[in-house]
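Trainee: Got a sequence here, can you build the structure:
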Amino acid sequence: MTAVTPARARAPRSRIEPTVVQALRNPKLLTREVLAGLVVALALIPEAIAFSIIAGVDPRVGLFSSFVMAVTIAFLGGRPAMISAATGAVALVIAPVAREYGMDYFIATVMLAGVLQIVLAVLGVARLMRFIPRSVMVGFVNALAILIFIAQVPQLIDVPWLVYPLVAAGLAIMLLMPRLTKVVPAPLVTIVLLTAAVLVFGWSVPNVGDQGELPQSLPELFIPQVPLTLETLGIIGPYALAMAAVGLLESLMTAKLVDDITDTHSPKTREAWGQGVANVLSGAFGGMGGCAMIGQTMINVKASGARTRISTFLAGVFLLILVLALGDVVAVIPMAALVAVMVLVCVGTFDWHSIRPATLRRMPKSETAVMLITVVATVWTHNLAIGVVLGVLAAMVMFARRVAHVVTVTRIEPVADVVAGADADEEGASPGGVRYVVEGELFFASSNDLTTQFSYSADPGHVVIDLSRSHVWDASTVAALDAVVTKYERLGKTVELHGLDAVASALHGRLTGTLGG
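Mentor: All right, here's what the predicted structure looks like:
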């Protein structure tokens, strides 16, 4: 008889397809990646300029930062097709440094933030992503969509009336174009057609050139002239740590979102240290740093269909070419075209299913509350890190509150009175004794009320507490059990704890009698 060897379970594939090599060999895929990179580059220009203004630095700082970040992350990042560049969240965090201490301290802060991101990546911070619940992720996505839309509002206020029909025409083109062909990305067609219309008819509407001056030369190496002292570290350290945390959180959350959209898995630790290296290089060339950009990533992945690192790399390359060699052409692109692209990105990013009445009726109220807390906190503060942290904290509190109510304590009357002839040596069945059966997970939230579940005065002289259907997780539970035993002993009664597993027994043995009181 031939023995059959069981097949080994295959490990999940770590390679994300299509790969760069596959795209280079396939003209259709390569064309899609190239055009996607061009669309993203066009969308990056006004945003990079706007974020530079937020940070209080020259527009060139944001543009050069976006170029360096995109090119670097194309090689070192863990999530193919994700776009990293100068972002508003990072600009808000480090803006006070440029305003109060000058450009040298500003660049030093960016470079230190990159170093901290590398250290955090090595320490495994990316693994903490598993503790972010789905409700927080949904809130994060919805808040991002709202923030992207809010960022477009200034371009729709106090503008010539022609802007509105141009935006409407842009939306119509992007909705209808995919029904005709998907060879050329609809956002690119929109930008080209609206720009041509504005030039042909001579319409006077806001354009990219109105957002700020475009650079005329390549980025140069920038070494910040700051004293290497503890005083300097005290100035830039808090801002650098905040920037590192915000950047990693946004990047890892965006990477997870792209994983879900493309049904693939990407190495988050690699993405984390890749972001760090990109920020160090960005600072070294006079950039303001950044992180993953949800809006441009959605343009790249959802609107344009890109899937490889080629699109990310070309987005950076095209950005530099556009602002240096074709600056005059880029400057006449109407902002209405870019606003239309971003509005459609908002609609596609928002999780509409999460707010349908049927979904809200089925979903536990705590899950909906966590999502709303994440959305409101993010939109209110314009800080994704604050929104996500508050959402996770809310989810933890609600989970602990829910679990705290699943612990039950059941009192079983004296066995000698109930079962005639019971063996007096049987566990929990001594004559005149009573047994309590505790079921559920015992930790700080669920064990606080444990001491109120026993009838101290009414119970006989011997009490058995059966913990075989529960688990002791922390010192709070050990202290609660100690309090129960103490209450019985003060009444001259004996207590036995039965059923503790090895881990819980070791914890109880180590802590019992040492927690005060």
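Trainee: Where do the strands of the stretch 351-500 of the chain begin and end?
Mentor: 408-412, 433-442, 462-472, 494-498 (DSSP state E, counting those that start in this stretch).
Trainee: Present those strands as TSV; the columns should include mean pLDDT.
Mentor: Shown next, in TSV, are those (pLDDT from 0 to 100):
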stretch	mean pLDDT
strand 408-412	88
strand 433-442	89
strand 462-472	90
strand 494-498	90
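Trainee: quick one: which of those is nearest residue 281?
Mentor: Nearest to residue 281 among these is strand 433-442 (47.4 Å), distances taken as Cβ to Cβ. Placement of C-beta: from N, CA and C, glycine included.
Trainee: buried residues in that closest one?
Mentor: Of the residues in strand 433-442, 433-438, 440-442 count as buried by neighbour count, 16 or more other Cβ atoms under 10 Å.
Trainee: and the strands of the stretch 351-500 of the chain as a markdown table, adding distance to residue 113?
Mentor: Output for these, formatted as a markdown table (distance: least, Cβ to Cβ, whole Å):
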| stretch | distance to residue 113 |
| --- | --- |
| strand 408-412 | 50 |
| strand 433-442 | 39 |
| strand 462-472 | 41 |
| strand 494-498 | 51 |
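Trainee: which one of those strands lies closest to residue 343?
Mentor: Using Cβ to Cβ, the strands of the stretch 351-500 of the chain put strand 433-442 closest to residue 343, at 46.9 Å.
Trainee: Can I get that closest one as PDB, trimmed to CA atoms?
Mentor: The C-alpha trace of strand 433-442 is given here as PDB (Å, rounded to 0.1, in the frame of the first residue of the first chain):
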ATOM      1  CA  GLY A 433     -20.500  23.800  51.100                       C
ATOM      2  CA  VAL A 434     -21.600  25.900  48.200                       C
ATOM      3  CA  ARG A 435     -20.100  26.200  44.800                       C
ATOM      4  CA  TYR A 436     -19.900  29.300  42.500                       C
ATOM      5  CA  VAL A 437     -19.300  28.800  38.800                       C
ATOM      6  CA  VAL A 438     -17.700  31.800  37.100                       C
ATOM      7  CA  GLU A 439     -17.900  31.900  33.200                       C
ATOM      8  CA  GLY A 440     -16.300  34.500  30.900                       C
ATOM      9  CA  GLU A 441     -13.200  36.500  30.400                       C
ATOM     10  CA  LEU A 442     -12.000  38.200  33.600                       C
END
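Trainee: For it, name the packing helices and strands.
Mentor: In terms of contacts (3 or more Cβ pairs under 8 Å, 6 or more residues apart in numbering; DSSP states H and E), strand 433-442 is packed against strand 408-412, helix 415-418, strand 462-472.
Trainee: The longest one versus strand 408-412: what angle between them?
Mentor: In this structure, strand 462-472 runs at an angle of 160 degrees to strand 408-412, with axes from the mean of the first three to the mean of the last three Cα atoms, to 10 degrees as the basis.
Trainee: What are the contacting residues of strand 462-472?
Mentor: Identification of contacts with strand 462-472 by Cβ atoms under 8 Å, 6 or more residues apart in numbering yields 407, 427-428, 430, 432-442, 454, 478, 481, 484, 488, 493-501, 504, 507-508.
Trainee: Am I right that residue 222 falls within a strand?
Mentor: No - Residue 222 is assigned coil when assessed by DSSP: H, G, I helix; E, B strand; the rest coil, not a strand.
Trainee: now the closest residue to residue 385 other than its chain neighbours, what's its secondary structure?
Mentor: Distance criterion Cβ to Cβ, 6 or more residues apart in numbering; nearest residue to residue 385, sequence neighbours excluded, is residue 246 at 4.4 Å. For residue 246, the secondary structure call by three-state DSSP comes out as helix.
Trainee: Run a quick neighbour tally on residue 246.
Mentor: Neighbour count of residue 246, defined by other Cβ atoms under 10 Å: 23.
Trainee: for it, what are its contacts?
Mentor: 89-90, 93, 291, 383-385.
Trainee: Spatially, which two of the residues you listed are the most separated?
Mentor: 291 and 383 (12.6 Å).
Trainee: Those two - which one has more neighbours?
Mentor: Just comparing residue 291 and residue 383: by other Cβ under 10 Å the higher neighbour count belongs to residue 291, 30 against 21.
Trainee: hang on, the earlier thing: rebuild the contacts of residue 246 as CSV, extending it with pLDDT and distance to residue 323.
Mentor: CSV is the format used below for the contacts of residue 246 (pLDDT from 0 to 100; distance: Cβ to Cβ, whole Å):
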residue, pLDDT, distance to residue 323
89, 77, 23
90, 86, 20
93, 81, 25
291, 94, 21
383, 72, 29
384, 72, 27
385, 73, 30
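Trainee: May I ask which of these has the most neighbours?
Mentor: Neighbour counts for the contacts of residue 246 peak at residue 291, which has 30 neighbours (criterion: other Cβ under 10 Å).
Trainee: Need phi/psi at the closest residue to residue 355 other than its chain neighbours.
Mentor: With sequence-adjacent residues excluded and distances taken as Cβ to Cβ, 6+ apart, residue 355 is closest to residue 142, at 7.9 Å. When read as degrees, to the nearest 10, the backbone of residue 142 gives phi -60, psi -40.
Trainee: Would you tell me which one of the contacts of residue 246 comes nearest to residue 163?
Mentor: So of these, ranked by how close each gets to residue 163 (Cβ to Cβ), first place is residue 89, at 27.1 Å.
Trainee: rewinding a little: residues in contact with the residue nearest to residue 355?
Mentor: 350-351, 354-355, 371, 375.
Trainee: Tell me how far it lies from residue 379.
Mentor: Counting by Cβ to Cβ, to the nearest Å, the gap from residue 142 to residue 379 is 9 Å.
Trainee: again, but for residue 124
Mentor: For residue 124, the distance to residue 379 - Cβ to Cβ - is 31 Å.
Trainee: so where's the stretch 401-517 of the chain uncertain?
Mentor: 414-432, 515-517 (pLDDT under 70).
Trainee: Okay, strands next: where are they in the stretch 51-200 of the chain?
Mentor: In the stretch 51-200 of the chain, the strands defined using DSSP E, counting those that start in this stretch lie at 84-85.
Trainee: let me redo that: the stretch 201-350 of the chain
Mentor: Using DSSP E, counting those that start in this stretch, the strands of the stretch 201-350 of the chain run over 291-292.
Trainee: Would you map the helices across it?
Mentor: All helices of the stretch 201-350 of the chain, identified by DSSP state H, counting those that start in this stretch, fall at 230-262, 268-284, 294-298, 309-324, 327-331, 335-349.
Trainee: returning to that earlier point: which ChimeraX command selects the buried ones in the contacts of residue 142?
Mentor: Filtering these down to the buried ones (16+ other Cβ under 10 Å) takes a single ChimeraX command:
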select :350,351,354,371,375
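Trainee: Closest one of the contacts of residue 142 to residue 403?
Mentor: Comparing these against residue 403 with Cβ to Cβ places residue 371 closest, at 19.8 Å.
Trainee: Return the closest of the contacts of residue 246 with respect to residue 71.
Mentor: Of the contacts of residue 246, the one sitting nearest to residue 71 (Cβ to Cβ) turns out to be residue 291, at 15.2 Å.
Trainee: Now for the closest one: which residues touch it?
Mentor: Applying Cβ under 8 Å, 6+ apart to residue 291 gives the contacts 84, 87, 89-90, 246-248, 250-251, 275.
Trainee: Using a markdown table, lay out those together with distance to residue 29.
Mentor: A markdown table is the format used below for the contacts of residue 291 (distance: Cβ to Cβ, whole Å):
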| residue | distance to residue 29 |
| --- | --- |
| 84 | 22 |
| 87 | 28 |
| 89 | 32 |
| 90 | 32 |
| 246 | 34 |
| 247 | 30 |
| 248 | 31 |
| 250 | 28 |
| 251 | 25 |
| 275 | 26 |
